[in-house]
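Trainee: sharing a model that was predicted from the sequence below.
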Amino acid sequence: MTIRIPLSSPDITEAEIAAVTSVLRTPCLSIGPELTAFEAALAEYHGVSHAVAVSSGTAGLHLALLTLGIGPGDEVIVPSFAFIAVANAVVQVGATPVFADIDPISLNLDAVRVEEAVNACTRAILVVHTFGVPAQMDALQSIAKRHGLLILEDACEAIGGEFDGRRAGGFGDLAVLGFYPNKQLTTGEGGAVLVKNSSHAARLRSLRNQGRRAPIEHKDRSKGGDWFDHQEAGYNYRLSELACALGRVQLGRLAEMLDLRRAAAERYHALLENVPGLERPPLALPQRTISWFVYVIRICGGIDRDQVQSALLARGIATGRYFAPIHLQPAWRSHGSSAAHLPVTESIAARTLALPFFNRISPNEQLQVASALRETLLLA
């Protein structure tokens, strides 16, 4: 089957290509000036003291949990309606993820369900800003303060999103960004941890670089210096100079790219008005500025979502099912998570369908998607 309209597509211009090519003309492909510049720009954009670039958003979650001291015996409240990395990272540090249900409108953690999940073992709330919609941070911060809990923000899908005028990633004790190719900003593979204090930043920089003392300059390797001094068992979670150069230019274009995505969401909203058998995502929510990561509809009226997806694929239109609940995944059944009572998560997950959505999707492509979807639903 030939895909005519892909689910996602990165937005790479000659400026990004020139920046990456420029790095290739230097002897420094890792831990160099592009890393420093990209981290500084990310920190400034989010209004935090530091940003620590890493090899993926998942790596960022792992290191953030370690830096916050989360470990065996601790419980971390997480959504099941999310990418599986949020639970995997918790297990990787020896802690236990506790799944809480979501709000049916924003699809973020429901603060009432979070409060119900708190017990003596709870150490943190891992807040995911799902699909670029910021979570209800005032309510979640209130719960954390009342119970003495840490907050780790997963803003991997929400760069540029805001809650009460503050950018997602600026609320938690630490926050994580992701830069996979389908994200609003890409470095190919990559991520970053947003940090408010220097001690956390130093620990993160050490852990991402095999436990070496931070900072380690590129020039130190040729001199010996501290390059072979390892303070603890760390990881190779570095982000290359090539990726950082790409990310730095993308960050400079972020406002433009978010505007393109917002316009695409508005076009879908208009095209899908009064289409039977689906619910559109809200264009706006109180207190929030949405950073449009994906455009996800909900199939309703007893229509088989998977049959709709197959019919669209037969027309060359790619779609995606976001998300399969983590607690029902085969990898998690051995943890006993399938017994979790998450009715909203399970209902929503069975009906969601992500439509083709990216910066440069054309109005004509969106019209084709909407027309094919309308015809498919009318025949369902």
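Mentor: Yep, that arrived.
Trainee: which strand or helix spans residue 78?
Mentor: Using DSSP states H and E, the element containing residue 78 is strand 75-79.
Trainee: run me through the strand neighbours of that strand, direction for each.
Mentor: If you go by DSSP bridges, strand 75-79 pairs up with strand 96-100 (parallel), strand 122-128 (parallel).
Trainee: may I have the phi/psi pair for residue 169?
Mentor: When quoted as degrees, to the nearest 10, the phi and psi of residue 169 stand at phi 100, psi -10.
Trainee: quick check: it touching residue 194?
Mentor: Yes. Residue 169 is within contact range of residue 194, at 4.8 Å (criterion: Cβ atoms under 8 Å). Every residue, glycine included, has its C-beta placed from N, CA and C.
Trainee: okay, and the common contacts of the two?
Mentor: Shared contacts of residue 169 and residue 194 (Cβ atoms under 8 Å, 6 or more residues apart in numbering): 46, 48, 153, 155, 175, 176, 177.
Trainee: residue 291: what's it in contact with?
Mentor: Contacts of residue 291 were listed using Cβ under 8 Å, 6+ apart, and they are 132, 157, 158, 159, 160, 161, 168, 184, 258, 261.
Trainee: need the pLDDT of it.
Mentor: Note for residue 291: predicted pLDDT of 98.
Trainee: which two from the contacts of residue 291 end up farthest apart in space?
Mentor: Using Cβ to Cβ, the contacts of residue 291 span at most 14.9 Å, a distance reached by 168 and 261.
Trainee: which of the two has more neighbours?
Mentor: residue 168 (31 against 24; other Cβ atoms under 10 Å).
Trainee: how are the helices of this structure distributed by residue range?
Mentor: 14-24, 33-46, 57-67, 85-92, 111-117, 137-147, 198-208, 220-223, 241-252, 254-271, 305-314, 330-333, 343-349, 363-379 (DSSP state H).
Trainee: point out the most buried one among the ones you listed.
Mentor: helix 57-67 (a mean of 26; mean count of other Cβ atoms under 10 Å).
Trainee: and the angle from that one to strand 75-79?
Mentor: 150 degrees (axes from the mean of the first three to the mean of the last three Cα atoms, to 10 degrees).
Trainee: ok, and what's touching helix 57-67?
Mentor: The contact list for helix 57-67 (Cβ under 8 Å, 6+ apart) reads 52, 54, 76, 85-86, 88-90, 92-93, 95, 124, 126, 152, 154, 156, 174-180, 191-193, 200, 203-204, 207-208, 235, 237.
Trainee: residue 262: what's it in contact with?
Mentor: By Cβ under 8 Å, 6+ apart, the contact set of residue 262 is 290, 292.
Trainee: can you rerun that using 10 Å?
Mentor: 160, 283, 289, 290, 291, 292 (Cβ atoms under 10 Å, 6 or more residues apart in numbering).
Trainee: try residue 265
Mentor: By Cβ under 10 Å, 6+ apart, the contact list for residue 265 reads 132, 280, 281, 283, 290, 292, 294, 295, 357.
Trainee: again, only using 6 Å
Mentor: By Cβ atoms under 6 Å, 6 or more residues apart in numbering, the contact list for residue 265 reads 292, 295.
Trainee: against residue 298, how distant is it?
Mentor: Distance, residue 265 to residue 298, by Cβ to Cβ, to the nearest Å: 15 Å.
Trainee: which two among the contacts of residue 262 are spaced furthest apart?
Mentor: 160 and 283 (16.0 Å).
Trainee: where does the stretch 251-380 of the chain have low pLDDT?
Mentor: Within the stretch 251-380 of the chain, the ranges that satisfy pLDDT under 70 run 335-339.
Trainee: please report how far residue 106 lies from residue 126.
Mentor: 16 Å.
Trainee: ok, the two, which is more surrounded?
Mentor: With neighbours defined as other Cβ under 10 Å, residue 106 and residue 126 compare such that residue 126 has more, 28 against 21.
Trainee: what residues does the residue most central in space within the chain make contact with?
Mentor: What sits nearest the mean C-alpha location of the chain, by Cα atoms, centre = their mean, is residue 156, with 2.1 Å. By Cβ under 6 Å, 6+ apart, the contact set of residue 156 is 57, 177, 178.
Trainee: now what about the strand holding residue 78, what contacts it?
Mentor: By Cβ under 6 Å, 6+ apart, strand 75-79 touches 86-87, 90, 95-98, 100, 102, 109, 114, 117, 121-122, 124-126, 128.
Trainee: quick one, domains of the chain?
Mentor: In terms of domains, the chain is parsed into 14-253, 255-379 (source: automatic domain parsing).
Trainee: and of those domains, who's closest to residue 3?
Mentor: Closest to residue 3 of those is domain 255-379 (Cβ to Cβ; 5.1 Å).
Trainee: report the distance from the closest one to the chain centre.
Mentor: Offset of domain 255-379 from its chain centre (Cα atoms, centre = their mean, to the nearest Å): 16 Å.
Trainee: swap in stretch 177-195?
Mentor: Centre-to-centre, stretch 177-195 and its host chain are 8 Å apart (Cα atoms, centre = their mean).
Trainee: and that stretch, end to end?
Mentor: 11 Å (Cα to Cα, to the nearest Å).
Trainee: with stretch 61-72 instead?
Mentor: Where stretch 61-72 begins and where it ends lie 16 Å apart, using Cα to Cα.
Trainee: next one: that stretch to chain centre, how far?
Mentor: With Cα atoms, centre = their mean, you get 18 Å for stretch 61-72.
Trainee: for residue 178, give the beta-bridge partners.
Mentor: Here residue 178, judged by DSSP bridges, has bridge partners residue 191.
Trainee: ditto for residue 52
Mentor: With DSSP bridges as the rule, residue 52 is bridged to residue 193.
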